[in-house]
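>>> Below is the sequence, then the predicted model.
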Amino acid sequence: MAALPAGRALLRLRLLSAALKTRVPAPRAAPAAAYGTSVVSAKVDVNGVRLHYQRTGEGDHAVLLLPGMLGSGSTDFEPQLKNLSKKHFMVVAWDPRGYGWSRPPNRDFPVDFFERDAKDAVDLMKTLKFPKVSLLGWSDGGITALIAAAKYPSYINKMVVWGANAYVTDEDEMIYQGIRDVSKWSKRIREPLEALYGYDYFAQTCEKWVDGILQFKHRPDGNICRHLLPLIQCPTLIVHGEKDPLVPRFHADFIHEYVKGSRLHLIPDGKHNLHLQFANEFNHLVEDFLQP
């Protein structure tokens, strides 16, 4: 895809800045306390690392929440941990290795980092003794969910993804380069992540993420997981915010086209963080989709 005209590029970056201002609530040093005693917060050994997770609910239907870049369960999914039906679901939010409270190790981005996250996510839920699981994946977590559903089809019940992409384009590269320098992020978004990680780790990890995601730009067709989409067998709901400045609409359309039987739900005023922006609407949509 050709580079964007200068005017459109500036508009995209302004929209990006606005989206970053509202993405992440302030982190809590003790995440379980934020939601009361109904949320269990713990760590477990998985694939040679200690993974942090939060768990809430009493239902038989296990649901794993997969956060985005630099995200954690508590920063990315507070309304879902609080308000998804505790009667129908057992909700688990995890911090991928190197993110949130799943440190050490420090986060790195080998060429297979999405596949590694997918295996970690599935093995975490197996370690917690869940026989099957549904996935709710946002942004990078959506990519991880797509890969997990393709590679572990017998283990995945249903899946909801939003803000995800299966390949990287020139337009995407411009967006990623626009967020490389965290000193240019808004104060509102920067300070909570500095509190969570410390400035140096936060800044260095963001730069490493940009380099990591751009590895895929050099593959044929910018491929991340586009070759895996036809292998997905579970019922899949793709949600897309029409005003998402980070992930253009064509990515959602592509996933919808190649995941057999998938549904696409558009939110006209939705941005990248639509599950926070329209939390009640999003939660109801998810609950209706996940229930039999």
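Sure thing, it's come through.

>>> Would you mind giving me the confidence score for residue 23?
In this model, residue 23 is scored at 47, pLDDT.

>>> In the stretch 51-200 of the chain, where is pLDDT below threshold?
By pLDDT under 70, the stretch 51-200 of the chain contains no weakly predicted segment.

>>> at 80 instead, please
Within the stretch 51-200 of the chain, the segments meeting pLDDT under 80 span 188-189.

>>> which residue ranges form the strands in the stretch 1-150 of the chain?
Assigned by DSSP state E, counting those that start in this stretch, the strands in the stretch 1-150 of the chain fall at 40-46, 49-56, 61-66, 89-95, 133-138.

>>> Now do the second one: which elements does it pack against?
Using 3 or more C-beta pairs under 8 Å, 6 or more residues apart in numbering; DSSP states H and E, the elements in contact with strand 49-56 are strand 40-46, helix 73-76, strand 89-95, helix 113-127. From N, CA and C alone the C-beta is placed, and that goes for glycine too.

>>> what bridges to the nearest residue to residue 145 once chain neighbours are set aside?
Distances taken as C-beta to C-beta, 6 or more residues apart in numbering place residue 137 nearest to residue 145, at 3.0 Å, with adjacent residues excluded. Residue 137 has these beta-bridge partners by DSSP bridges: residue 66, residue 161.

>>> how much space between residue 137 and residue 194?
Noted for residue 137: a distance of 26 Å to residue 194, by C-beta to C-beta, to the nearest Å.

>>> Next, the contact list for the nearest residue to residue 203 once chain neighbours are set aside, please.
Nearest non-adjacent residue to residue 203, counting by C-beta to C-beta, 6+ apart: residue 182, 4.8 Å away. Shown here is residue 182, whose contacts under the criterion C-beta atoms under 8 Å, 6 or more residues apart in numbering are 190, 193, 202, 203, 206.

>>> try 10 Å
Contacts for residue 182 (C-beta atoms under 10 Å, 6 or more residues apart in numbering) come out as 20, 70, 189-190, 193-194, 199, 202-207.

>>> Grab the nearest non-local neighbour of residue 79.
Per C-beta to C-beta, 6+ apart, closest to residue 79 is residue 279, 3.6 Å.

>>> does the one you found really touch residue 267, like I thought?
No: using C-beta atoms under 10 Å, residue 279 is not in contact with residue 267, being 11.8 Å away.

>>> Tell me which of these two has more neighbours.
Comparing residue 279 with residue 267 by other C-beta atoms under 10 Å, the one with more neighbours is residue 267, at 20 against 17.

>>> Need phi/psi at the more buried one.
Dihedral angles of residue 267 (phi, psi; degrees, to the nearest 10) stand at phi -110, psi 110.

>>> Same check on residue 263?
Dihedral angles (degrees, to the nearest 10) for residue 263: phi -110, psi 140.

>>> Pull up the gap between it and residue 285, please.
Look at residue 263 and residue 285: by C-beta to C-beta, they are 10 Å apart.

>>> Between those two, tell me which one has more neighbours.
Neighbours per residue (other C-beta under 10 Å) separate residue 263 from residue 285, with residue 285 holding more: 17 against 13.

>>> mind checking the SS state of that one?
helix (DSSP: H, G, I helix; E, B strand; the rest coil).

>>> my read: it touches residue 239, true?
Yes: taking contacts as C-beta under 10 Å, residue 285 lies within contact range of residue 239: 7.0 Å.

>>> okay, and the common contacts of those two?
In contact with both residue 285 and residue 239: 160, 265, 267, 275, 278, using C-beta under 10 Å, 6+ apart.
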